[in-house]
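[1] Structural data only, the sequence is not supplied:
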């Protein structure tokens with residue numbers, strides 16, 4: 001027997017939002033879409049309803065996993081693209097002064113580093129935000145799948161970025177830098193000298209950035225897990241203490 005109440009279908013004491021019974025087959029185009037779906041799971045489980053474990057099928061878990069992978073890939077790509085723009089500014093004082101004429105914040109090294117790692121910080125923050133929703137079977141499995149996918153993508157992307165930056169730093173020499181500078185400047189010597197100076201000043205920063213990227217990627221990977229699982233564990237401890245106090249009464 002089933003009945004309709006408001007925006008929910010109720011069947012055998014299990015509440016599932018109308019239009020979301022196909023959750024296990026849906027694809028979430030963005031991390032925000034996946035979070036929205038997890039929030040709906042949270043509303044159901046927070047109300048005290050128990051949803052069968054099989055409701056989130058293998059396909060459903062894989063959909064959340066793919067969202068995490070896509071998020072990690074996008075973060076890594078955004079970091080790489082921003083590094084191409086920011087590293088030369090950090091490395092060459094003359095270029096920094098020129099850019100700061102149009103964008104004063106470019107004089108702040110802290111701002112430039114923060115801007116470079118902002119995609120990782122933003123998405124990592126969103127994943128930490130999920131800690132408040134990890135309360136039941138569905139929310140736990142969905143959130144863990146997102147985090148696992150993101151972790152895999154960040155690990156792979158971090159290794160590739162580290163290898164790429166290390167290779168690039170080793171490849172830059174006086175001869176190669178001058179050759180690239182002439183090619184980019186269309187053999188205009190005064191422009192080529194400027195580009196050559198920037199490339200040679202950037203070389204030491206590239207190697208440093210490679211190790212910084214490994215550290216930041218590691219933190220961005222581990223922090224959401226620690227936050228989500230830590231809050232979940234704390235919630236369980238508080239719940240058990242409350243139950244114990246009620247039992248004593």
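    Done, it's in. Just so it is clear, the structure is predicted and the values come from calculations on it, not from any experiment.
[2] The lengthiest helix in the chain packs against which elements?
    Assignment by DSSP state H gives helix 189-248 as the longest helix of the chain. Helices and strands touching helix 189-248, by 3 or more Cβ pairs under 8 Å, 6 or more residues apart in numbering; DSSP states H and E, are helix 58-91, helix 109-129, helix 137-171, helix 174-184. All C-beta atoms are positioned from the backbone trio N, CA, C, and that covers glycine.
[3] Now that we have those helices, can you turn them into CSV and tack on distance to residue 46?
    Shown next, in CSV, are the helices and strands packed on helix 189-248 (distance: least, Cβ to Cβ, whole Å):
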stretch, distance to residue 46
helix 58-91, 19
helix 109-129, 16
helix 137-171, 9
helix 174-184, 57
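[4] one step back: got the angle between the longest helix of the chain and helix 137-171?
    150 degrees (axes from the mean of the first three to the mean of the last three Cα atoms, to 10 degrees).
[5] could you give the mean pLDDT of helix 189-248?
    Across helix 189-248, pLDDT averages out at 84.
[6] And stretch 77-97, by the same measure?
    90.
[7] who touches that stretch?
    Stretch 77-97 has contacts (Cβ atoms under 8 Å, 6 or more residues apart in numbering) with 99, 106-107, 109, 112-113, 115-120, 157, 161, 164-165, 197-198, 201-202, 204-206, 209, 213.
[8] make it 7 Å
    For stretch 77-97, contacts defined as Cβ atoms under 7 Å, 6 or more residues apart in numbering pick out 99, 106-107, 109, 112, 115-117, 119-120, 161, 197-198, 201-202, 205-206, 209.
[9] try stretch 171-189
    By Cβ under 7 Å, 6+ apart, stretch 171-189 touches 191, 192, 195, 196, 199, 200, 203.
[10] Which of those residues has the largest number of neighbours?
    When neighbours are taken as other Cβ atoms under 10 Å, the top entry among these is residue 199 (22 neighbours).
[11] the inter-axis angle of the helix or strand harbouring residue 44 versus helix 58-91?
    In this assignment (DSSP states H and E), residue 44 forms part of helix 31-46. Interaxial angle of helix 31-46 relative to helix 58-91 (the same axes, to 10 degrees): 130 degrees.
[12] quick one, helix 31-46 and helix 109-129 angle?
    Going by the same axes, to 10 degrees, helix 31-46 is angled at 40 degrees with respect to helix 109-129.
[13] Show me what helix 31-46 packs onto, helices and strands only.
    Under the contact criterion of 3 or more Cβ pairs under 7 Å, 6 or more residues apart in numbering; DSSP states H and E, helix 31-46 touches helix 58-91, helix 109-129, helix 137-171.
[14] averaging pLDDT over each of those, which comes out lowest?
    Among the helices and strands packed on helix 31-46, helix 109-129 scores lowest, at a mean of 85.
[15] still on that earlier bit, enumerate the positions of the helix holding residue 44 that are buried.
    For helix 31-46, a neighbour-count test (16 or more other Cβ atoms under 10 Å) marks 31, 34, 35, 37, 38, 40, 41, 42, 44, 45 as buried.
[16] ok now it, how far from the chain's centre?
    Distance of helix 31-46 from the chain centroid (Cα atoms, centre = their mean, to the nearest Å) equals 18 Å.
[17] swap in stretch 201-219?
    In terms of Cα atoms, centre = their mean, the centre of stretch 201-219 is found 18 Å from the chain centre.
[18] who touches it?
    Counting by Cβ under 7 Å, 6+ apart, 83, 87-88, 90-92, 117, 120, 154, 158, 161-162, 165-166, 168-169, 172 sit against stretch 201-219.
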